[in-house]
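Trainee: My questions are about this predicted structure, shown below with the sequence.
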Amino acid sequence: MAENDVVKTCGLTKNFGRKGKCITAVDNLNLEIHDGEVFGFLGPNGSGKTTTIGMLLGLINPTSGSIELFGQDTAGNSAQLLKRVGVIMDKPAFFPYMSGKDNLKYFAMSVDDIDDKRIDELIEIVELKDRANDKVREYSMGMKQRLAVTLALLNDPELIILDEPTNGLDPSGIIEFRALIRSLNKQGKTIFLSSHLLHEVEQVCTHVSLIDKGRVLASGPVKDLLGNHKSIRLTVSDVEKTVVMLQNTDWIKSVKKEGDSIIAEAPENKTADINELLTGNGIHVLEMQKCASSLEDFFLKTIGEKESANSREEENV
Ligand SMILES: Nc1ncnc2c1ncn2[C@@H]1O[C@H](COP(=O)(O)OP(=O)(O)OP(=O)(O)O)[C@@H](O)[C@H]1O
Ligand SMILES: [Mg+2]
């Protein structure tokens, strides 16, 4: 194993149910997360994210396979290792009639060596200082989520595991939460974040594993895996001429017509060049827009690329 592995799973598998009616929720999963990463565990609903997290935290017994945390096998050693981990899974049940700070003091009683100074520090980290003495029932969803982060930080963990942390947050809550994740990462925390949202993972993660039906489909640095190519929607004065022109441009990865528009896949930094190329050839660019690709598109593309790589390998045998 690499020296800076924080999480490593080998052949991790979980079957639910009995003979006859068995669901394989996690299927021979190999993950490797290194120190300092913001790791995105990306998969659609029901793909096995929460089950995997449950196993990492010793809440669910694996059917087979092994888990290492900080380079050590968790079998028989889990309580000690989990002291170095902070978690947010379900929404924590705060006492609504108590202030954020008093809630935090209450939960801190179960953790060793937490003094008032540390509590104030945590409140500052999650930017709740101005509202720390207000009752939790007066908090917005985003503020409750940031208070939840303080609980995950109580033991000053090296690894923070977040299961779908932005569920239920509005766009500004999501932006604030992302900023918080980035700042925790800057302070040296490794982050494991599960999500079914491609966009979210793209925004905040350094590395990603894409899973479906409990299996890893692809893994790697976000910029390699999600690619530098972006789809751009173009509305132009001459669709046919534009299609031919773009098809004959070597840095354009793909071109397709969609209604009156054209979708071209090109490197992110080439938008201005497309405009220049078309206007230089007498085509008016009426509109140009980046398209966000959905998780579904990404899946199809990843699976498609994998299959064509496999068939190339077979041809070469
Ligand atoms: N306790 C259980 N008993 C039986 N099946 C379960 C149990 N927990 C999860 N499953 C099944 O395992 C599969 C994976 O579920 P899991 O909750 O891990 O997915 P998920 O990726 O977290 O999904 P979501 O994005 O909806 O949270 C699903 O088919 C689910 O129905
Ligand atoms: Mg889940």
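Mentor: Looks like it arrived, so ask away. Ligands and ions are numbered 1, 2, ... in the order given.
Trainee: Could I get the full set of strands for this structure?
Mentor: Assigned by DSSP state E, the strands in the chain fall at 5-18, 21-34, 38-42, 64-69, 72-73, 85-88, 159-163, 190-195, 207-212, 215-221, 229-236, 254-258, 261-267, 285-291.
Trainee: Please identify the most buried of these.
Mentor: Using mean count of other Cβ atoms under 10 Å, the stretch among the strands of the chain with the largest mean neighbour count is strand 38-42, at a mean of 27. Just so you know, the C-beta spots here come from the backbone N, C-alpha and C atoms, and that holds for glycine as well.
Trainee: could you check the angle strand 207-212 makes with it?
Mentor: 10 degrees (axes from the mean of the first three to the mean of the last three Cα atoms, to 10 degrees).
Trainee: Check which helices and strands strand 38-42 sits against.
Mentor: Secondary-structure packing of strand 38-42 (3 or more Cβ pairs under 8 Å, 6 or more residues apart in numbering; DSSP states H and E): helix 49-56, helix 171-186, strand 190-195, helix 198-204, strand 207-212.
Trainee: Partner strands of that strand, with direction?
Mentor: Counting by DSSP bridges, the strands paired with strand 38-42 are strand 190-195 (parallel), strand 207-212 (parallel).
Trainee: Can you tell me the centre-most residue of the chain?
Mentor: The residue lying closest to the centre of the chain (Cα atoms, centre = their mean) is residue 40, at 2.9 Å.
Trainee: any chance of the strands of the chain in JSON lines, with mean pLDDT and distance to residue 247 too?
Mentor: Formatted as JSON lines, the strands of the chain follow (pLDDT from 0 to 100; distance: least, Cβ to Cβ, whole Å):
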{"stretch": "strand 5-18", "mean pLDDT": "94", "distance to residue 247": "44"}
{"stretch": "strand 21-34", "mean pLDDT": "95", "distance to residue 247": "40"}
{"stretch": "strand 38-42", "mean pLDDT": "96", "distance to residue 247": "32"}
{"stretch": "strand 64-69", "mean pLDDT": "96", "distance to residue 247": "47"}
{"stretch": "strand 72-73", "mean pLDDT": "94", "distance to residue 247": "54"}
{"stretch": "strand 85-88", "mean pLDDT": "92", "distance to residue 247": "48"}
{"stretch": "strand 159-163", "mean pLDDT": "95", "distance to residue 247": "43"}
{"stretch": "strand 190-195", "mean pLDDT": "96", "distance to residue 247": "35"}
{"stretch": "strand 207-212", "mean pLDDT": "93", "distance to residue 247": "29"}
{"stretch": "strand 215-221", "mean pLDDT": "91", "distance to residue 247": "28"}
{"stretch": "strand 229-236", "mean pLDDT": "86", "distance to residue 247": "13"}
{"stretch": "strand 254-258", "mean pLDDT": "90", "distance to residue 247": "5"}
{"stretch": "strand 261-267", "mean pLDDT": "89", "distance to residue 247": "9"}
{"stretch": "strand 285-291", "mean pLDDT": "89", "distance to residue 247": "17"}
